[in-house]
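Trainee: Mind folding the following:
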Amino acid sequence: MDVKELMIDALENLDDEDFKKFNWQLWNGVETGINPIPKAKLQKADRSDVVDCLVDKYSDEAGKITVQALRKINQNHRAKILESKLQGVQQSDQVDGRNASVSVEDQPIQSDWSRPDTIKQSSQEFKRTTLRDKKDDVYIPKDKSQRKRSALLITNIRFKHSKYNRDGAERDEENMEWLLEALDYRVKKYRDLTGQEISARVEDFAARPEHKDSDSTFVVLMSHGNRIQNKDAILGVDYHHQQNPDDFFFVDNIFSNLNSEKCPALIDKPKVILIQACRGEHTGGVDIQSDSAVSDSAVHIEKDFFCFKSCLPGIYAYRDSVEGSFFICYIVDVFCKQAHTDDIMELFRKVTLRMATDPRFRSLKKLMPCIDRTSPPKKLYLFPGL
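Mentor: Here you go, the predicted model:
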């Protein structure tokens, strides 16, 4: 049995009254320091639904919290049995070289997804081993006490012409700011900018003196977008397809402002670009009618970029009007659960895998993120918490 099956089996052995008591523990937080699951999610939930809520909320800690809740309702014998079985699964996974929750984490997120409460912390041992064994293949981070990491976050939500408003993007902004701060970046945040203002903020950010004391940076742009002059463009808040079609910012300008010539303070340092924006008007699906680095006096003009975009060229980037963009939700979820051991390209791959199999995108509506204009000679580990 996997972890979820063990948890379901434990709850199936509870009578209805004890099951109610168990759920009461969950929506009251089990104990200090464990955030509760909202009562509304549990009131009509059956046992498998409750397990899904536990895994969505607590990830790898779900089994442990189930054991704690069982003890709280004096089901000590069942708690002991579950704890023993969970330890057996963990030991088996260690032998096999797999993590027990990988199968869960590789699945599409649920429609009621909420941001994890914490980001998993890398261990000192993992960091030390990685930097020792892969020292020539990874970007070496600066000591936390000495570095000054900065990130730029621009989100367009309310537009001059209200038909362009991006409902739900407030959640994207909130989630991305939280994630960047959890990764130890000081976030410069701007909202509702014109194309010209976006350009100015990117230029200002490239000139920030703290990049000299940084080891990496993030730039996150979230707005409407389109392909203009065969380039990816971010639309400003004054944009109108007829009245003001020239209010936009070319994504390429991020690279030209942060490259080695314009931003020498970031030479040989990772620059992660995340773009949540449409890249055209195609739905993303088609009908198939068939059966089947050491620096010297010269440097590369553009290097060390990691660029991840919400969709393929020419395709819509879908967004939920309440929970925000699917791309941002997946990034936050994957980074929180797996950035403690995976490098950033592997994180991007896992986001892509999960989005590609999301059942909400059926028929012609398809959403596939895209790694674009990426030039890293080394692996980037974020080592959250360190």
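Trainee: any idea where the strands of the chain begin and end?
Mentor: 150-155, 186-191, 217-222, 225-228, 231-235, 248-250, 271-276, 305-309, 319-320, 324-325, 370-371 (DSSP state E).
Trainee: Worst mean pLDDT among the ones you listed?
Mentor: Ranked by mean pLDDT, these end with strand 319-320 at the bottom, a mean of 88.
Trainee: List the contacts of that one.
Mentor: R166, G168, A169, D172, Q276, S325, F326 (C-beta atoms under 8 Å, 6 or more residues apart in numbering). From N, CA and C alone the C-beta is placed, and that goes for glycine too.
Trainee: at 6 Å instead, please
Mentor: G168, S325 (C-beta atoms under 6 Å, 6 or more residues apart in numbering).
Trainee: Show me the strands paired with that strand, marking each as parallel or antiparallel.
Mentor: According to DSSP bridges, strand 319-320 forms sheet pairs with strand 324-325 (antiparallel).
Trainee: gap between the partner strand and the chain center?
Mentor: How far strand 324-325 lies from its chain's middle: 12 Å, per C-alpha atoms, centre = their mean, to the nearest Å.
Trainee: repeat for stretch 182-202
Mentor: With C-alpha atoms, centre = their mean as the basis, stretch 182-202 stands 18 Å off its chain's centre.
Trainee: what's the closest non-adjacent residue to the residue minimising distance to the centre of the chain?
Mentor: For the chain, the residue nearest the mean C-alpha position is I331 (1.8 Å; C-alpha atoms, centre = their mean). Leaving aside its sequence neighbours, I331 sits nearest to V351 (C-beta to C-beta, 6 or more residues apart in numbering; 5.8 Å).
Trainee: number of nearby residues for that neighbour?
Mentor: Applying other C-beta atoms under 10 Å, we find 24 other residues in the vicinity of V351.
Trainee: how about it, what does it touch?
Mentor: Contacts for V351 (C-beta under 6 Å, 6+ apart) come out as Y330, I331, V334.
Trainee: Okay, now the unreliable bits of the stretch 1-150 of the chain?
Mentor: 1, 32-33, 90-106 (pLDDT under 70).
Trainee: Would you map the helices across it?
Mentor: Secondary structure of the stretch 1-150 of the chain, counting by DSSP state H, counting those that start in this stretch: helices at 3-12, 16-27, 39-42, 47-58, 62-72, 76-96, 102-105, 124-133.
Trainee: For the first one, which outside residues touch it?
Mentor: Counting by C-beta under 6 Å, 6+ apart, the neighbours of helix 3-12 from elsewhere in the structure are R47, S48, V51, G63, T66, R78, L82, K85, A100.
Trainee: so it versus helix 47-58, what angle?
Mentor: Here helix 3-12 runs at an angle of 130 degrees relative to helix 47-58 (axes from the mean of the first three to the mean of the last three C-alpha atoms, to 10 degrees).
Trainee: Give me the neighbour count for the nearest residue to S59 once chain neighbours are set aside.
Mentor: Excluding its sequence neighbours, the residue lying closest to S59 (C-beta to C-beta, 6+ apart) is K337, at 5.2 Å. Around K337 there are 23 other residues, counting by other C-beta under 10 Å.
Trainee: Just to check, K337 is in contact with K57?
Mentor: No. Contact between K337 and K57 fails when scored by C-beta atoms under 6 Å: they sit 11.8 Å apart.
Trainee: Quick check: pLDDT value at the residue nearest to the centre of the chain.
Mentor: As predicted, I331 sits at a pLDDT of 97.
Trainee: How about K303?
Mentor: 85.
Trainee: what sits against it?
Mentor: Neighbour list for K303: S375 [criterion: C-beta under 6 Å, 6+ apart].
Trainee: can you give me the helices in the stretch 201-350 of the chain?
Mentor: Secondary structure of the stretch 201-350 of the chain (DSSP H, counting those that start in this stretch): helices at 252-258, 326-338, 344-356.
Trainee: which one of those is the most hemmed in?
Mentor: Greatest average neighbour count among these goes to helix 326-338 (a mean of 24), per mean count of other C-beta atoms under 10 Å.
Trainee: ok, and what's touching it?
Mentor: Contacts for helix 326-338 (C-beta under 6 Å, 6+ apart): 59, 105, 109, 113, 115-116, 119, 172, 175, 179, 276, 310, 318, 347, 350-351, 354-355, 369.
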